[in-house]
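1. Make a model of this:
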Amino acid sequence: MSEDSKAKPNSGLAPSPAIPLMFDTEPDGVLNQRAYHLKTQNRSLLAFSLLDLCYVTWLVPSSGRSLLRTAVLREQSEYHYAQGLDLSSAANVAAFLSRYVSARKKENVSAIKPKQCTFCCYDIFSGKDLRVEFAFPGSITTYLLDGFGQRQEIQDIMWRRVRVSSAVRSLACLQTDLDKPEASFRGASVASPLMDCNSAAMIIKDFTELVFKCGPVRYRQHMLWPTSPGLRNSVFQLLYQGLIQHQLTTEAEALCRVLATKLPAAEALAVTAALAQDCAPGRETATARRESAIRRLAQASVATELKDSAVLYHQSRALLHHASKPEAALAVAQASVGVGDDHPWLWFNVASVHASMGNIESALAALNTVTPAQLLAHTVPDTSAVDRSVLIDTFRSVTARLRSQDAAKGNLAKIPFHDDRVLAKLAAAQLPEVLNPAYQVLIELYRSLGWPALQQHRKQLFTAASAPQDDAAKSEPAAAEPSNEERLESGETPRSRQRPLQLWLDNLFHMLLDDIVMLGKLTAALQEPSARTKMDWYRFGLLTSRLHRYEDAHKCFHHCLTECQSRSSLRLKTLVHLLSINTQRSDVDDFVIACDELDGMVAEVPADWRGSVSRHQAVIQALALAAKIGPQRLINAFKSASRSDHGEASIRDAVMSALLRKIVPLT
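-> Here you go, the predicted structure:
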């Protein structure tokens, strides 16, 4: 399939204004390519990248005539990726295909006729493609296609797998970063499967049945990225995080309570869901509920004999953020790192608790305890060796990007400020996910101490990173570093001796200093806004929001908006960031204005894939803002603001529906 087939349609089929259609130049070319991927690609890589496909073959009138003076029909094929549909049965798929064909016939002036529709959904549990073929006038065929091209019969449980697979793929698409979009997500029409409570309940039910009834399914990781302790399965991770983002905390808690019978760490996640912010009336003042949840975490720790690091990790965070007991949180956090799990976030949690208590050197020492081997083990998924080597090289290039010749002497190199190209090189914006908590600890220390004091603590605690050694030192065998368990048993304090600074942590100091240097240029830029480009202001906004300076970020993004064209992609990304900034600032009026501007942009190009992501982000941020100020106040702000007609699937309607869902059941 050529690139031209994606850019423009073949003659005879009109493009759709609401669907991101693409056109196939070869008969069943995309379907054959999909079957080839099933045979050659790694299953864990296909899990979320092989999107649900709707492929339609049409009979289009040709310009020529037959001997009988009748119109000659030729075949033309179009396709698009549709995520978030109800795939509970073949009848639902056939109903979607019938509606789609009717809509496309109205959009085309010529008398086109459908020949066959094929809908494909990849089952991440079996590694096979479920296909529904709808041959007109009404024949339906369903089957499973494996990697060898063999067709298999579909059983009832497979529809549950397909529904869960499609739902988590939709959630993965909606969490796409607009600054770093996945190539496979472009050109997809995505709807959130969790906007409707009934749909969310059915997905949860199917997932729990898969875990308990399908045997080996619960042992398969299907990992694409590892995250915090307790979220080791990517399917469960996306489903759990999606429920929390949509503030379906009761459903998330119920899911984890059911899974807790098989996995003790799920009880900790159930309590975390109970403690999550929710804009439902009464949740923010339920002190008794929080105390009960923390007691449940303590009971889970005792039930696991203090040997489950995930339970201890979540118990520590709950004691710190919800009970305001830093001493108890520190004791539990230290216990979590000595039970066999080497996840870096366990030590980062210890550092975070120390930082909140003002133990600066203890926090830095806890960060420095993590080795590069631990970071790589929890950054790279368990895929093929080739994929692992590629990701390792990427990780090393990101963390070592700011190294310079002066770094060997223990000095921190400063990058001069020239223009927006230098702003684009700030490596802190491209950190791997596993390092984000560590960088947040450094930011918190910088905000409380300032850079000179933080640098002084660093020099007192650590020797220079990458310090040159003479020949005699190189020939001597290096003393073995004590393990984490030995450090805890011996009672060694972080300040007992000076130690070398880990290279990855030294790189984080470089990144933080570069952010601070660029931040120092912001004051002069604000005094003369016209001297900066729109990309300058956009990257300044990303920088200030990363350093938790939300008022400055608000100013920078508004300066960027004034320079952007009305339909530019940069304007759309800026508005999405403004929603998040206004949520942090609790600015209701500016949130409504940004939401309406974003709604207008998305309505002009409904077929653009970024519209789905923008709509999802608006709903998530609206729910987060409602949790801080109350849903009724935000609803009143939307009602009082002037409204423009942006169609049926507008962002405002999606936000209002999500907010009303939180208050209507209680009225």
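2. from here on, contacts and neighbour counts on C-alpha atoms
-> OK.
3. give me the number of residues near residue 41?
-> 11 (other Cα atoms under 10 Å).
4. when you give positions from now on, start the count at 27
-> Noted, 27 is the first residue going forward, which turns the last one into residue 67.
5. Distance-wise, check it relative to residue 154.
-> 12 Å (Cα to Cα, to the nearest Å).
6. Now for the two: what residues contact both?
-> By Cα atoms under 8 Å, 6 or more residues apart in numbering, residue 67 and residue 154 have no common neighbours.
7. name the element residue 532 belongs to?
-> Assigned by DSSP states H and E, residue 532 belongs to helix 529-546.
8. Hmm, I typed the wrong one, I wanted residue 654.
-> Going by DSSP H and E, residue 654 is in helix 636-655.
9. buried stuff in that helix?
-> Within helix 636-655, the residues that count as buried by 16 or more other Cα atoms under 10 Å are 636-653.
10. Show me how far that helix is from its chain's centre.
-> Here helix 636-655 is found 14 Å from its chain centre; the criterion is Cα atoms, centre = their mean, to the nearest Å.
11. Pick out the residue nearest the middle of this protein.
-> residue 201 (4.1 Å; Cα atoms, centre = their mean).
12. surely that one meets residue 640?
-> No: Residue 201 lies out of contact with residue 640 (Cα atoms under 8 Å); the separation is 9.9 Å.
13. Need the residues touching each of the two.
-> Common neighbours of residue 201 and residue 640 (Cα under 8 Å, 6+ apart) do not exist.
14. Export only the CA atoms of the helix or strand where residue 88 lies, formatted as PDB.
-> Assigning secondary structure by DSSP H and E places residue 88 in strand 79-91. Taking C-alpha atoms only, strand 79-91 is exported to PDB below (Å, rounded to 0.1, in the frame of the first residue of the first chain):
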ATOM      1  CA  LEU A  79     -10.000  -2.400  11.800                       C
ATOM      2  CA  CYS A  80     -13.200  -1.800   9.700                       C
ATOM      3  CA  TYR A  81     -12.500  -2.700   6.100                       C
ATOM      4  CA  VAL A  82     -15.200  -2.200   3.400                       C
ATOM      5  CA  THR A  83     -15.100  -3.200  -0.200                       C
ATOM      6  CA  TRP A  84     -17.400  -1.200  -2.500                       C
ATOM      7  CA  LEU A  85     -18.700  -1.600  -6.100                       C
ATOM      8  CA  VAL A  86     -18.200   1.800  -7.700                       C
ATOM      9  CA  PRO A  87     -19.600   2.800 -11.100                       C
ATOM     10  CA  SER A  88     -16.800   3.100 -13.700                       C
ATOM     11  CA  SER A  89     -16.700   5.700 -16.500                       C
ATOM     12  CA  GLY A  90     -16.900   3.000 -19.100                       C
ATOM     13  CA  ARG A  91     -20.000   1.100 -20.400                       C
END
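15. Within the sheet, what are the partner strands of it, with directions?
-> With DSSP bridges as the test, strand 79-91 is paired with strand 97-109 (antiparallel), strand 139-149 (antiparallel).
16. can you list the weak-confidence ranges in the stretch 77-226 of the chain?
-> The model of the stretch 77-226 of the chain has pLDDT under 70 over residues 89-97, 135-136, 207-210, 212.
17. could you pull out the helices for it?
-> For the stretch 77-226 of the chain, helices defined by DSSP state H, counting those that start in this stretch occupy the ranges 116-133, 182-200, 223-239.
18. Those helices into TSV, with extra columns for mean neighbour count and distance to residue 605?
-> Listed next are the helices of the stretch 77-226 of the chain as TSV, based on neighbours: other Cα atoms under 10 Å; distance: least, Cα to Cα, whole Å:
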stretch	mean neighbour count	distance to residue 605
helix 116-133	15	33
helix 182-200	23	16
helix 223-239	17	24
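19. wait, which of these is closest to residue 470?
-> Ranking those by proximity to residue 470 (Cα to Cα) places helix 182-200 first, at 29.5 Å.
20. Put the alpha carbons of that closest one into PDB.
-> Presented in PDB, the C-alpha positions along helix 182-200 are these (Å, rounded to 0.1, in the frame of the first residue of the first chain):
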ATOM      1  CA  ASP A 182     -18.500 -17.600  23.800                       C
ATOM      2  CA  ILE A 183     -15.600 -16.800  26.100                       C
ATOM      3  CA  MET A 184     -13.700 -15.400  23.200                       C
ATOM      4  CA  TRP A 185     -16.100 -12.500  22.900                       C
ATOM      5  CA  ARG A 186     -15.300 -11.500  26.500                       C
ATOM      6  CA  ARG A 187     -11.600 -11.500  25.700                       C
ATOM      7  CA  VAL A 188     -12.300  -9.400  22.600                       C
ATOM      8  CA  ARG A 189     -14.300  -6.900  24.600                       C
ATOM      9  CA  VAL A 190     -11.600  -6.500  27.200                       C
ATOM     10  CA  SER A 191      -8.900  -6.300  24.500                       C
ATOM     11  CA  SER A 192     -10.700  -3.600  22.600                       C
ATOM     12  CA  ALA A 193     -11.400  -1.600  25.700                       C
ATOM     13  CA  VAL A 194      -7.800  -1.500  27.000                       C
ATOM     14  CA  ARG A 195      -6.600  -0.600  23.500                       C
ATOM     15  CA  SER A 196      -9.000   2.300  23.500                       C
ATOM     16  CA  LEU A 197      -7.700   3.500  26.800                       C
ATOM     17  CA  ALA A 198      -4.100   3.200  25.500                       C
ATOM     18  CA  CYS A 199      -5.000   5.300  22.500                       C
ATOM     19  CA  LEU A 200      -6.700   8.000  24.700                       C
END
